[in-house]
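1. Here's my sequence, what's the structure:
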Amino acid sequence: MGETHEVVVGPVAHGGHCVARVPVGDGPEPALRVVFVRHALPGERVVLRVTEGTAGDSFWRGDAVQVLEPSPDRVTAPCPVSGPDGCGGCDFQHVALPAQRALKAAVVAEQLRRLAGLEVDVEVEAVPGDDEGLRWRTRQRYVALEPPVDGVDGPVDRGMRKHRSREVVPVADCLIEAPHGPVHRVRDRDFDVARGGFWQVHPGAPEALVAAVLEALQPRPGESALDLYAGVGLFSAFLADAVGPTGRVLAVEGEPSAAALLGTNVPGVEPHTGDVAEVLTALAAERVEPVDLVVLDPPRAGAKRAVVEQVVARTPRAVAYVACDPAALARDLAVFAEHGYQLRTLRAFDLFPMTHHVECVALLTKTGSDLR
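-> Down below sits the predicted model:
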């Protein structure tokens, strides 16, 4: 830790950093150690400082503390506490917004290639609701500063942690924080959400994701659908509208307060509370009932094999997978492929500007099937 090295930065990697390599050891051909570098861009020549790592580690972490040859995509960070040794909340404040989206697209494509064996052209789409990548985050958590510290415009009583640290940076004004809280309303439909309960933090996210899921699935009147990791019923509501009174929507949510609100928000849905894999297994104990459509919106870790295999056992004609982590998505797509379900389309959305996070909606159908 603390060593500095001059390097040419390599490609972007999953997690908000780029890959660099530094020589270690003596001799004419020293070994190269991978360093995951924040605050850099591919192709730049920088001085990096090692922030985590020992001689025996397979990789180190570092910050670009001096930029010797900048990328054309580098900009001055709008936030004064962004950068090395600053707030850890944003990864890409130093990157022009179109280039941020290109970096995220490269990461999604690389994860799909490496973990699922898929070659996919990825474009990350902007959504309405932010101000050039700022003022979009409708839910925010701070660390209280006691006592307050002096700031440029007066005392600052809150802050945010540094990257991978408990140390707090005073933050008078977080530039990605929205001027108002979340609005739980989509397409003229209101949703009850528990205090502190999950709801997408970007104002444009719910509408963008609903539209993408419905476009992918093309639900028809009379069809049956599973909404897994259903939350308070965002997708269930519009699936129920689409399949109509002759159709059926069964929703599964593990968080009890969200599951309770699901029944209130979407009265016609069949709500089930519990671990998704366990609920699906219990429902199949007597008979596996086929379904036409499935929506999967798992947490960051992904759905995993047990859930995927319960889904494919029901032989849906189409699955819409909403993913907040491209690595988890790729791993689950590989399991789907084992059972004959292929990726047909993939859309990616910039729901977290200035950070490395990206949301994807993937459509899977069984080999040989179609949506007509």
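2. alpha carbons only for contacts and neighbour counts from here, please
-> OK.
3. Which pLDDT value goes with V24?
-> Per-residue pLDDT puts V24 at 85.
4. And for G56?
-> On pLDDT, G56 comes in at 87.
5. if I pick it, what's in contact with it?
-> The neighbourhood of G56, defined by C-alpha atoms under 8 Å, 6 or more residues apart in numbering, contains no residues.
6. And it, its phi and psi?
-> Backbone torsions of G56, given as degrees, to the nearest 10, read phi -90, psi 0.
7. Then D121?
-> According to degrees, to the nearest 10, the main-chain angles of D121 amount to phi -80, psi 120.
8. So what's the residue count around it?
-> Around D121 there are 12 other residues, counting by other C-alpha atoms under 10 Å.
9. The residue nearest to it when sequence neighbours are not counted sits in which helix or strand?
-> Using C-alpha to C-alpha, 6 or more residues apart in numbering and skipping the chain neighbours, the partner closest in space to D121 is A109 (6.8 Å). Assigned by DSSP states H and E, A109 falls within helix 97-116.
10. hang on, the earlier thing: so who does the residue nearest to D121 touch?
-> Listed by C-alpha under 8 Å, 6+ apart, the contact partners of A109 are E119, V120, D121, V122.
11. PyMOL command to pick out the buried ones of these?
-> If you want just the buried ones from these in PyMOL, going by 16 or more other C-alpha atoms under 10 Å, the selection is:
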select buried, resi 120+122
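12. ok, the contacts of A109 vs G2, which is closest?
-> Lowest distance from G2 to the contacts of A109 (C-alpha to C-alpha) belongs to V122, with 37.1 Å.
13. Look up how far A318 lies from the closest one.
-> When C-alpha to C-alpha, to the nearest Å is applied, the distance between V122 and A318 equals 21 Å.
14. Please apply the same query to V50.
-> Taking C-alpha to C-alpha, one finds V50 at 47 Å from A318.
15. of those two, who's got more company?
-> Taking V50 and A318 together and counting by other C-alpha under 10 Å, A318 has the greater number of neighbours (26 against 21).
16. ok, and the closest non-adjacent residue to the more buried one?
-> If the residues on either side of it in the chain are set aside, A318 comes closest to T365, at 4.8 Å by C-alpha to C-alpha, 6+ apart.
17. what's the pLDDT at that neighbour?
-> T365 is assigned a pLDDT of 98 by the prediction.
18. burial of it, as a residue count?
-> Look at T365: counted by other C-alpha under 10 Å, it has 24 neighbours.
19. low-confidence ranges in this protein?
-> 369-372 (pLDDT under 70).
20. At the geometric centre of it, which residue sits there?
-> Central residue check for the chain by C-alpha atoms, centre = their mean: the C-alpha nearest the mean position is that of C324, 2.6 Å away.
21. Alpha carbons of stretch 174-186, as PDB, please.
-> Output for stretch 174-186, consisting of C-alpha atoms alone and laid out as PDB, is shown next (Å, rounded to 0.1, in the frame of the first residue of the first chain):
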ATOM      1  CA  CYS A 174     -24.700  15.400  -3.200                       C
ATOM      2  CA  LEU A 175     -25.100  16.200  -6.800                       C
ATOM      3  CA  ILE A 176     -26.800  12.900  -7.700                       C
ATOM      4  CA  GLU A 177     -29.400  13.400  -5.100                       C
ATOM      5  CA  ALA A 178     -32.800  14.400  -6.500                       C
ATOM      6  CA  PRO A 179     -34.600  17.500  -5.200                       C
ATOM      7  CA  HIS A 180     -37.600  15.400  -4.100                       C
ATOM      8  CA  GLY A 181     -38.300  11.800  -2.900                       C
ATOM      9  CA  PRO A 182     -39.600   8.900  -5.000                       C
ATOM     10  CA  VAL A 183     -43.000   9.100  -6.700                       C
ATOM     11  CA  HIS A 184     -44.700   5.700  -6.500                       C
ATOM     12  CA  ARG A 185     -46.900   6.300  -9.600                       C
ATOM     13  CA  VAL A 186     -46.600   4.600 -13.000                       C
END
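22. buried stuff in the helix or strand that contains A330?
-> In the assignment (DSSP H and E), A330 maps to helix 326-338. Applying a neighbour-count criterion of 16+ other C-alpha under 10 Å, one finds P326, A327, A328, L329, A330, R331, D332, L333, A334, V335, F336, A337 buried in helix 326-338.
23. before we move on, back to that, can you lay out the contacts of A109 as JSON lines showing secondary structure and distance to R21?
-> As requested, the contacts of A109 are exported to JSON lines (DSSP: H, G, I helix; E, B strand; the rest coil; distance: C-alpha to C-alpha, whole Å):
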{"residue": "E119", "secondary structure": "coil", "distance to R21": "26"}
{"residue": "V120", "secondary structure": "coil", "distance to R21": "27"}
{"residue": "D121", "secondary structure": "coil", "distance to R21": "28"}
{"residue": "V122", "secondary structure": "coil", "distance to R21": "27"}
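24. name the element R21 belongs to?
-> According to DSSP H and E, R21 maps onto strand 17-24.
25. neighbouring contacts of that strand?
-> In contact with strand 17-24 (C-alpha under 8 Å, 6+ apart) are residues 5, 7-13, 30-42, 91.
26. Among the residues you listed, name the buried ones.
-> The neighbour-count test (16+ other C-alpha under 10 Å) applied to these identifies 5, 7-10, 12-13, 33-42, 91 as buried.
27. residues touching the residue nearest to A318, list them.
-> When the contact criterion is C-alpha under 8 Å, 6+ apart, the partners of T365 are P316, R317, A318, V319, Y341, Q342, L343, R344.
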